[in-house]
Each structure stands twice: as structure tokens, then as C-alpha cells.
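1. Prediction below, plus the sequence it came from.
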Amino acid sequence: MDAEPRGRASSDGRSEPAATRVAVVGGGVAGLVAALAARRLGATVVLLEPHPLGGRARTDRRGGFTFNRGPRALYRGGRAEVVLRELGVDVARGGAPIVRGALAITTEGTHRLPVGPLASIATDLFGTREKLGAARHLLPLLRDPGPIAPDRSLAAWLDERGTGGRVRAFLEAMVRVATYTDAPHELSAHDALTQARRAATSGVRYLDGGFGSIVASLLSSATEAGISVRPVAARAVGHEGGGWRIATSDGPIDADAVVLATGGPTAAARLIGEAPPSWSRLGPPARAACLELGVARVPSHRFALGIDRPTYLSVHAPPAELAPAGHAVVHVMRYRRTGDDLAPEASRRELLDVARLAGVAPDDILEQRYLDAMEVTGAIPTAANGGVAGRPSVAVAHQRGLFVAGDWVGPEGQLLDAAVASAHTAGRQAAARAGTMATA
Ligand SMILES: Cc1cc2nc3c(=O)[nH]c(=O)nc-3n(C[C@H](O)[C@H](O)[C@H](O)COP(=O)(O)OP(=O)(O)OC[C@H]3O[C@@H](n4cnc5c(N)ncnc54)[C@H](O)[C@@H]3O)c2cc1C
């Protein structure tokens, strides 16, 4: 810690214990990062979370397997990796996905997934004529194609370039994997391609112990730093004097600055009563159906991507430590686009089918869990809203001392990168605001 929290002088000059200066609502990764960032600047911090800490980054144990509540990959070189490392989280333990022998799945059957040099030529996913132009059309996955206006959708941009057929379907599938979003007509092309390029060039890491290892490490730092974690839910947040009062199930909590890290814009808006108008322009959340399998042997194909169906499969363990030796954790997923009403049982069967194509024998499945319509991100960066640049800033407009953090906030990154980047900024700004209040 670089500074101790200050006490506040009472009216008769005696020093009284410091009031809670920064309150953080929500104990997911964003809340924990915001709390630590504020504490590091010397603020006294209380964090409110009625559930076990971690939010969507919680990891569960099932019969010797570690399940992440859907696939979780840390984007290498992204803001999450940088900030978490700075906060003392070991983000280096784990491994990269193994894409050798990866499959592309179409309604016709399975093909070799075109990954690596000359892959477009070797695959039977593309026809002979398609192969000729494939490299040019797929180059934006590897190299910056130059400026693209943030309000141009991925679909519109691909139309302009004349990218069609299987090559287009493959590129859209690569964007789905990187953004967890199946919405080419809504997603900003600039953001979609930036994220896909980051995944393809810098790579991702599956963490030993899953995202739960991030949560455990942040919690241990929070406890050591003296952050008070209270197992209560916030019910409302409103002005009180020059600061803020949070109504909770356990009575009111006063704070000079508040960070709302409640997961998505809807939960944050509910707490403050009226959302700023800019929040209504946010894109819809991205959702996914997830099947997690603990299996007795590593399947023959460790990665598979639906090309004309929005499905994904990846063996997360090995490389990451999430399963007993010789066993594997396989994540299978369907990116659910807005209006996707495939019933949970049909979706689960579809995902089991993908697992079978990758070589998972039904008898090898020792543990399984199906999670339908998990919210992957609070608001997708749409072209209509100017992409990530159009997301709300951490400081809530016209509400001094009120901040938001999450994967729908701030101009930086997507998914956990956005959650951590906005949380770090929000925590620091909240501490600065509380410092101003303390000296006023
Ligand atoms: C299936 C799936 C796959 C994903 N894969 C990846 C991936 O591979 N890579 C990546 O970078 N990201 C991925 N993500 C996204 C990443 O997990 C999230 O961006 C990140 O965990 C969000 O953290 P958060 O703290 O902002 O929100 P959350 O984790 O949602 O935390 C919000 C917390 O606020 C609490 N809360 C809400 N209301 C209140 C209240 N009134 N009072 C007190 N507490 C409250 C909730 O209980 C919750 O614990 C994935 C997400 C999902 C669902």
C-alpha cells in the first residue's frame, strides 16, 4: 500500500475514525480491482457483495474438475493482464489453446480449420476459387487494414470489400470467438477486427485454476489491504449531504464516492433510479449457452469452430490445470444472438453433438453442466453507438462522486479487459474524489 487512509477531524478537533470514503458495489473482478485501486491511493474502502465473490468469474469444483462457468481465456497483452499483474495476480500460469488438428464444422461435415501459414490452401473448407482470394480477405485478422470508422458495422465493411461465401463465414466465426458475440450487423467493424487480431496475433491463455484464481488472488490482496467486504446487497444509491448514501439490506452506508460494479447497465441503473440518457443507446448484452464437460481422456480434436453455426469447442485442460492427470475439461458453447430462441434442451443436444464430432465419447463424460444464456458482456460495442469509443465513461455525467465499471464501460478493450480497465480508472477517480471531499 502506498498510503494509509486518513482519519477525519471532528468538529471539536479530536480525530475520529475515518468514515467510509469509497464504497464499491459488486464483488466481481471489476469491483475487486476498483476497491484495490482506490485503497492503493489511500482511501478507506468498503465493498458490498451479497454472493460469493467473483461474479461471472467464479469457478466451481465438480468431482475433481474445475469448471469456469463457460470458457474463459485471458487476452495476452490486454489491459486485464497488465493491471492484474500490477495488483499481484499471477496471470502467467496456464497455457495457450492447442489448435493443431482443429476442426471447422459446417452442415456438410467437418473440415480442417485454416489456422497458420498457408492454411487457406491446405483446408477443404474453401473451394478452389475461394482459396485464391482467401489470403487477401483474411489479412485483416492478422494486420491492421487501416482506419475504419467506428460506426461501420462488420457486415457493412465486409460487403464493401466483397468478402463473401465460406471465407466470410470463417472470418465472422473468428470474430465470434474473439468477441463472444454473434452480431455482424451490429458490431463495430473496427472493434470486432481489433479484438480478433489481438486474439490471433498475441494469443490467449487458459489459466491454471481458471478465472477463479484471479478472484482468489484479488480477495487475498483486498483482505491484506484492510478492505472491508460486507455480504450485503445495495438497494438504492442516492445523494446525501455532499456525498452518497447506499441503502442496503443491513442499513445505510455513507460514502464520499461510490463505484457501481454491478455487472451490467441494468443493475446499475436500477440502483440510481434514473440512468443517464447515453446508457439507453448502449448495445444489447451478448449471451452464450455453455456446456462444460469433465472427461476421462483428452479428445482427438482440441479445438472446433462452427462456421455456418455459431458454435465453439475448446479443450481448456490440458493445457491449463483444471482436471486430474490424464483427464480433460472441454468447453462447448453456442453464441446466442438476439432473438435466438433455441430451447435449452435442443441447445444442449447441439453442443453434445459438437463434442462428439471432436472425439468426446459419451462414456468418457464423467461430469457435465449446462448453463443457458449466460451474460458474457453487459453491452456489445455496436456500430450505431460508435463502438467502444461510444461507451459511457467511468464518471457518471452530472453525478459527482459516482462512477461505473464493467465490460460495458470506458473506451478500452472488451470483456474482462474492459471490466478491469474501467474498474482501475473508476477506483482511482473515486479515491481522488474522496480525497477532495476529505480536505474540503
Ligand atoms: C460464458 C462467459 C464466457 C466469458 N469468457 C471470457 C473470456 O474468455 N475472456 C474475457 O476476457 N472475458 C470473458 N467473459 C467476460 C468476463 O467474465 C466478464 O467481463 C467479467 O467477469 C465481468 O466482471 P464484472 O465484475 O464487471 O461483473 P460481474 O462478474 O457480473 O460482477 C458483478 C457483481 O455485482 C454483484 N451485484 C449486482 N448487483 C448488486 C447489488 N445491488 N449489491 C451488491 N452487489 C451486486 C453481483 O452479485 C456480481 O457478483 C466471459 C463471460 C461469460 C459469462
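-> Great, that's in hand.
2. for the lengthiest helix in the chain, what is the average pLDDT?
-> Ranked by residue count under DSSP state H, the longest helix found in the chain is helix 415-439. Per-region confidence: helix 415-439 scores 92 on mean pLDDT.
3. Run through the neighbouring helices and strands of it.
-> Counting contacts by 3 or more Cβ pairs under 8 Å, 6 or more residues apart in numbering; DSSP states H and E, helix 415-439 packs against strand 22-25, helix 29-40, strand 74-75, helix 79-86, strand 257-260, strand 365-377, strand 402-404. From N, CA and C alone the C-beta is placed, and that goes for glycine too.
4. and the longest one, which residues are buried?
-> Pointing back at strand 365-377 there. 366, 367, 368, 370, 371, 372, 374, 376, 377 (16 or more other Cβ atoms under 10 Å).
5. Make JSON lines from those and add pLDDT and distance to residue 345 to it.
-> Below are these laid out as JSON lines (pLDDT from 0 to 100; distance: Cβ to Cβ, whole Å):
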{"residue": "366", "pLDDT": "98", "distance to residue 345": "21"}
{"residue": "367", "pLDDT": "98", "distance to residue 345": "19"}
{"residue": "368", "pLDDT": "97", "distance to residue 345": "14"}
{"residue": "370", "pLDDT": "98", "distance to residue 345": "9"}
{"residue": "371", "pLDDT": "97", "distance to residue 345": "13"}
{"residue": "372", "pLDDT": "96", "distance to residue 345": "9"}
{"residue": "374", "pLDDT": "95", "distance to residue 345": "17"}
{"residue": "376", "pLDDT": "97", "distance to residue 345": "21"}
{"residue": "377", "pLDDT": "97", "distance to residue 345": "25"}
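6. Identify the residues contacting residue 291.
-> Residue 291 makes contacts with 331, 332, 333, 348, 351, 352, 355, 368, 369, 370, 371, as judged by Cβ atoms under 8 Å, 6 or more residues apart in numbering.
7. Can you name the two of those that sit furthest apart?
-> Pairwise distances across those peak at 15.1 Å for 355 and 371 (criterion: Cβ to Cβ).
8. okay, now the residue of the stretch 251-400 of the chain found nearest the ligand: neighbour count?
-> Nearest residue of the stretch 251-400 of the chain to the ligand (Cβ to the nearest ligand atom) works out as residue 263 at 3.0 Å. The local packing of residue 263 (other Cβ atoms under 10 Å) involves 22 other residues.
9. In this structure it contacts residue 376, no?
-> No - counting by Cβ atoms under 8 Å, residue 263 does not reach residue 376; the two are 11.2 Å apart.
10. got the CA positions of stretch 168-176 in CSV?
-> Provided in CSV are the C-alpha atoms of stretch 168-176 (Å, rounded to 0.1, in the frame of the first residue of the first chain):
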residue,chain,number,x,y,z
ARG,A,168,-16.7,-14.5,-44.9
ALA,A,169,-18.3,-17.2,-42.7
PHE,A,170,-14.9,-18.2,-41.4
LEU,A,171,-13.9,-14.6,-40.7
GLU,A,172,-17.2,-14.0,-38.9
ALA,A,173,-16.6,-17.2,-36.9
MET,A,174,-13.1,-15.9,-35.8
VAL,A,175,-14.7,-12.6,-34.7
ARG,A,176,-17.3,-14.6,-32.7
